[in-house]
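Asks: Turn this into a model:
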Amino acid sequence: MAAACMRTLAPVNRRFLQIHSGRIGAVADRVPRVSLQGTGWAHWTNGSGFRSKILSAARTGGGGRGRIAGCVFLMGSGLGIYQAMKFYFQHHRAEEDFSHMFDTELKLTLYQYKTCPFCSKVRAFLDYHGLPYEIVEVNPVFRQEIEWSTYRKVPILVIDGTESVQLNDSSVIISTLKTYLINKDKSIQQTVIYYPEYKTTNARGKEVTEYSNKYWVMLNEIEIEDVYPCKTTRREEVKWRQWADDWLVHLISPNVYRTPTEALASFDYIVREGKFGPVDGVFAKYVGAAAMYVISKWLKFRHGLQDDVRQDLYRAVNEWVSAIGRKRKFMGGQEPNLADLAVYGVLRVMEGLKAFDDMMENTRVKNWYKRMERAIQEQRGQS
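Replies: Below is the predicted model:
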């Protein structure tokens, strides 16, 4: 919503800003690609000359003390080499254990706004599963970075392999990749067919693009039993993923732009974390904050929120925690599922703002949220 607001305001100052904004060439030519296998190891040697000097020093080191010092040095060097080799083989074995999950030729590039909740959902999924990816931060006003695409929203995930595939919509991106990671017999090109796009008209009479099956991981019967042992867990995951998109995400803007002070703090964060120049950043911060404060009031009315929008946020978050229950660590049980990652991704964009601090203080979400942080940091989805 903030990005849409800035695009609306851009013509007011566009000519002035373009003086200060350099034109960017083709994105594909300037974005470095990252292999999903991870970085390689640099093998090195100092040659025999270094070893000869050590041995020579040990032989001529001045009697017993020289010999002892030489032996100690050699032993220390040997232990160091042993530890280095041990670390190498452990790392190499870990890479081999995970390499079967993803084609090593595939490279992921995520086009995003850092403060966008839908982009945050995709990053949470990629990080949890330990999938390396390149980020291209998109300027929310001019969007030069995605000029090459007819799809003008973010996130966009480009997957480069034997063929390039562009995935749009955060839920489609996540469902496609999850299906691919589980069903290794199909390529990305074959997997994305499960999520065909179609045109529809929303409640305001505007034509929008939608995707079939976008909340479903498309598996055969054997895979379903393996991934979702309990019959209700799959439908539960779909229900709460959709809830995150259709309800929870709409509580973010009214809460982070609730007062003029909070709106200014939010846009300060957006400008600091986003891709803005020094001039358009100042313009975005003050004009954007004022505009979003007004728009947040309209959003409150549109979504039927209470005068104190915090109460709607608290109620939604507590509803989520209650659905998990006391016996489970996550909605997915012992480990997060796609619903956990979606809700976490949406809530994470408020970090550092008053709305986030208030939510942590006045709801029961803190323990679950901290568990999610650890699970993603440890990349526990790799296994």
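Asks: Show me how the chain divides into domains.
Replies: 52-97, 101-382 (automatic domain parsing).
Asks: can these go into JSON lines with extra columns for mean pLDDT and mean neighbour count?
Replies: (C-beta placed from N, C-alpha, C; glycine too.) What follows is these, written out as JSON lines (pLDDT from 0 to 100; neighbours: other Cβ atoms under 10 Å):
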{"stretch": "domain 52-97", "mean pLDDT": "43", "mean neighbour count": "12"}
{"stretch": "domain 101-382", "mean pLDDT": "93", "mean neighbour count": "18"}
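Asks: who does the helix or strand hosting L181 touch, helix- and strand-wise?
Replies: Using DSSP states H and E, L181 sits within helix 170-182. Identification of packing neighbours for helix 170-182 by 3 or more Cβ pairs under 8 Å, 6 or more residues apart in numbering; DSSP states H and E yields helix 117-128, helix 188-191, helix 231-246, helix 338-348.
Asks: any idea how far I173 is from the closest residue to M360 other than its chain neighbours?
Replies: The spatially closest residue to M360, leaving aside those adjacent along the chain, is K366, at 5.2 Å (Cβ to Cβ, 6 or more residues apart in numbering). Plainly put, K366 is 28 Å away from I173 if you go by Cβ to Cβ, to the nearest Å.
Asks: What ranges does this structure have for its strands?
Replies: 107-112, 134-137, 156-160, 164-168, 197-201, 207-211 (DSSP state E).
Asks: Can I get the ones you listed in JSON lines including distance to C230?
Replies: Below are the strands of the chain laid out as JSON lines (distance: least, Cβ to Cβ, whole Å):
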{"stretch": "strand 107-112", "distance to C230": "31"}
{"stretch": "strand 134-137", "distance to C230": "36"}
{"stretch": "strand 156-160", "distance to C230": "30"}
{"stretch": "strand 164-168", "distance to C230": "29"}
{"stretch": "strand 197-201", "distance to C230": "31"}
{"stretch": "strand 207-211", "distance to C230": "27"}
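Asks: for these, which one sits closest to I146?
Replies: strand 107-112 (5.5 Å; Cβ to Cβ).
Asks: Can you dump the C-alpha atoms of the closest one in PDB for me?
Replies: Presented in PDB, the C-alpha positions along strand 107-112 are these (Å, rounded to 0.1, in the frame of the first residue of the first chain):
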ATOM      1  CA  LYS A 107      19.800 -19.700  -9.600                       C
ATOM      2  CA  LEU A 108      17.200 -17.700  -7.700                       C
ATOM      3  CA  THR A 109      16.700 -13.900  -8.000                       C
ATOM      4  CA  LEU A 110      14.100 -12.200  -5.800                       C
ATOM      5  CA  TYR A 111      12.800  -8.800  -6.900                       C
ATOM      6  CA  GLN A 112      11.300  -7.200  -3.800                       C
END
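Asks: what packs against that strand?
Replies: helix 117-128, strand 134-137, strand 156-160.
Asks: Mind checking the ones you listed for the one nearest to A244?
Replies: helix 117-128 (7.6 Å).
Asks: just checking, L347 touches Y369?
Replies: Yes - using Cβ atoms under 8 Å, L347 is in contact with Y369, at 7.0 Å.
Asks: Distance check, R315 against L305.
Replies: Note on R315: its distance to L305, by Cβ to Cβ, is 10 Å.
Asks: Can you list the neighbours in contact with stretch 252-271?
Replies: Contact partners of stretch 252-271, identified using Cβ atoms under 8 Å, 6 or more residues apart in numbering, comprise 1-2, 115, 117, 281, 284-286, 288-290, 292-293, 295-296, 299-300, 303, 305, 309-310, 312-313, 346, 349-350, 352-355.
Asks: then it to PDB, C-alphas only?
Replies: Below are the C-alpha coordinates for stretch 252-271, written out as PDB (Å, rounded to 0.1, in the frame of the first residue of the first chain):
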ATOM      1  CA  ILE A 252      -0.400  -4.000   9.100                       C
ATOM      2  CA  SER A 253      -0.900  -0.600   7.400                       C
ATOM      3  CA  PRO A 254      -3.700   0.700   9.700                       C
ATOM      4  CA  ASN A 255      -1.400  -0.200  12.700                       C
ATOM      5  CA  VAL A 256       2.000   1.100  11.500                       C
ATOM      6  CA  TYR A 257       0.400   4.400  10.200                       C
ATOM      7  CA  ARG A 258      -2.000   4.700  13.100                       C
ATOM      8  CA  THR A 259      -0.800   8.200  14.200                       C
ATOM      9  CA  PRO A 260       1.200  10.900  12.500                       C
ATOM     10  CA  THR A 261       4.200  10.000  14.700                       C
ATOM     11  CA  GLU A 262       3.900   6.300  13.900                       C
ATOM     12  CA  ALA A 263       3.500   7.100  10.200                       C
ATOM     13  CA  LEU A 264       6.600   9.200  10.100                       C
ATOM     14  CA  ALA A 265       8.600   6.500  12.000                       C
ATOM     15  CA  SER A 266       7.300   3.800   9.600                       C
ATOM     16  CA  PHE A 267       8.400   5.800   6.500                       C
ATOM     17  CA  ASP A 268      11.700   6.600   8.100                       C
ATOM     18  CA  TYR A 269      12.200   2.800   8.300                       C
ATOM     19  CA  ILE A 270      10.900   2.300   4.700                       C
ATOM     20  CA  VAL A 271      13.300   4.900   3.300                       C
END
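Asks: All set, thanks.
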